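Peer 1: the amino acid sequence is not available; the structure is as follows:
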């Protein structure tokens, strides 16, 4: 069963996002201690933060630093406190809490309720202050950037999980990118992965073969048929569909992408576990 944070990553649940890259997401806590209380998570679902590989833990903290500086710039406070509790949601996360006094960091304090309009205002203000960009600009620009996810694609991946050595949700995505054949560097930049990350191309049918078998990887005919429908959509409605396996080690990011009629890269992404 995916965590509530994985469901936010997949788009199944909404969130007041403030920053994002290929591996991390930051969003406002909906039951905050104070206004501007942010949660920072790895997109890969890992229960205990110190079970993350050393490089992934370092990357999570580096991303958190960028977000914390944005919180400090956007919200009136003396410092931005950092906390890791790890008992509420079985998905590693870091709390970034604007504070003017030590008691602002007391998790025994009653949580506050912030009106939706104010949450939207805070999210936009913090996102605008993220050094190097929040990673949300193209998604917010929508049709201006051409990065609109086709509604049938959103529906096709809803609730689907890719099964490797563990389950990971499929998330519908769209990226604005230059036309023509993409270089590896351009593809990595488009999806928000670090430059120089190892990448391997895989044919979509090969990638989904276990999930589109008659009974599917879970012995569920209905799920197998949904994967078949997704595969058909990707091949018939998108041009040049290809799967890109990005990264090395036990966790690999996979992007299945093709071109829409307006040139947008669209498809889905997930995480593969291979030990």
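Peer 2: Ah, there it is. If you're wondering where the values come from, they're calculated on a predicted model, not measured in any experiment.

Peer 1: outside of stretch 240-249, which residues touch it?
Peer 2: Contacts of stretch 240-249 with the rest of the structure, by C-beta atoms under 8 Å, 6 or more residues apart in numbering, involve 22, 53, 187-188, 191, 193, 197-204, 206-207, 234-235, 252-259, 267, 272. For every residue, glycine as well, the C-beta is placed using N, CA and C.

Peer 1: show me the residues you listed that map onto helices.
Peer 2: If you go by DSSP state H, the contacts of stretch 240-249 have 187-188, 191, 204, 206-207, 234-235 in helices.

Peer 1: whichever of the residues you listed end up buried, select them in ChimeraX.
Peer 2: Per 16 or more other C-beta atoms under 10 Å, the buried members of the ones in helices among the contacts of stretch 240-249 correspond to this ChimeraX selection:
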select :187,188,191,204,207,234
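
Peer 1: quick check, nearest of the ones in helices among the contacts of stretch 240-249 to residue 43?
Peer 2: Taking C-beta to C-beta as the measure, residue 191 is the one of those closest to residue 43, at 11.9 Å.

Peer 1: for that closest one, what are its contacts?
Peer 2: 22, 173, 175, 244, 246, 255, 257, 269.

Peer 1: now those residues as JSON lines including neighbour count?
Peer 2: Formatted as JSON lines, these follow (neighbours: other C-beta atoms under 10 Å):
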{"residue": "22", "neighbour count": "17"}
{"residue": "173", "neighbour count": "22"}
{"residue": "175", "neighbour count": "22"}
{"residue": "244", "neighbour count": "22"}
{"residue": "246", "neighbour count": "22"}
{"residue": "255", "neighbour count": "24"}
{"residue": "257", "neighbour count": "26"}
{"residue": "269", "neighbour count": "26"}
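
Peer 1: ok, which stretches of the protein are helices?
Peer 2: Here the chain has its helices, by DSSP H, at 4-9, 54-74, 116-128, 137-141, 151-157, 184-191, 204-207, 221-237.

Peer 1: show me what the last one is packed against.
Peer 2: It stands for helix 221-237. Applying 3 or more C-beta pairs under 8 Å, 6 or more residues apart in numbering; DSSP states H and E, one finds that helix 221-237 contacts helix 151-157, helix 204-207, strand 251-259.

Peer 1: in it, what's buried?
Peer 2: Going by neighbour count (16+ other C-beta under 10 Å), the buried part of helix 221-237 is 223-224, 226-228, 230-231, 233-234, 237.

Peer 1: rounded mean pLDDT for that helix, please.
Peer 2: Averaged across helix 221-237, the pLDDT comes to 92.

Peer 1: same question, the third one
Peer 2: Across helix 116-128, the average pLDDT comes to 92.

Peer 1: ok, residues contacting that helix?
Peer 2: 16-19, 27-28, 30, 35-36, 38, 67, 70-71, 74-75, 114, 134, 136.

Peer 1: buried subset of the residues you listed?
Peer 2: Buried subset of these (neighbour count, 16+ other C-beta under 10 Å): 16-19, 27-28, 35-36, 38, 67, 70-71, 74-75, 114, 134, 136.

Peer 1: tell me which of those residues fall in strands.
Peer 2: If you go by DSSP state E, the buried ones among the contacts of helix 116-128 have 17-19, 27-28, 38 in strands.

Peer 1: quick one: which of those residues is nearest residue 8?
Peer 2: Closest to residue 8, out of all of those and judged by C-beta to C-beta, is residue 27, at 6.8 Å.
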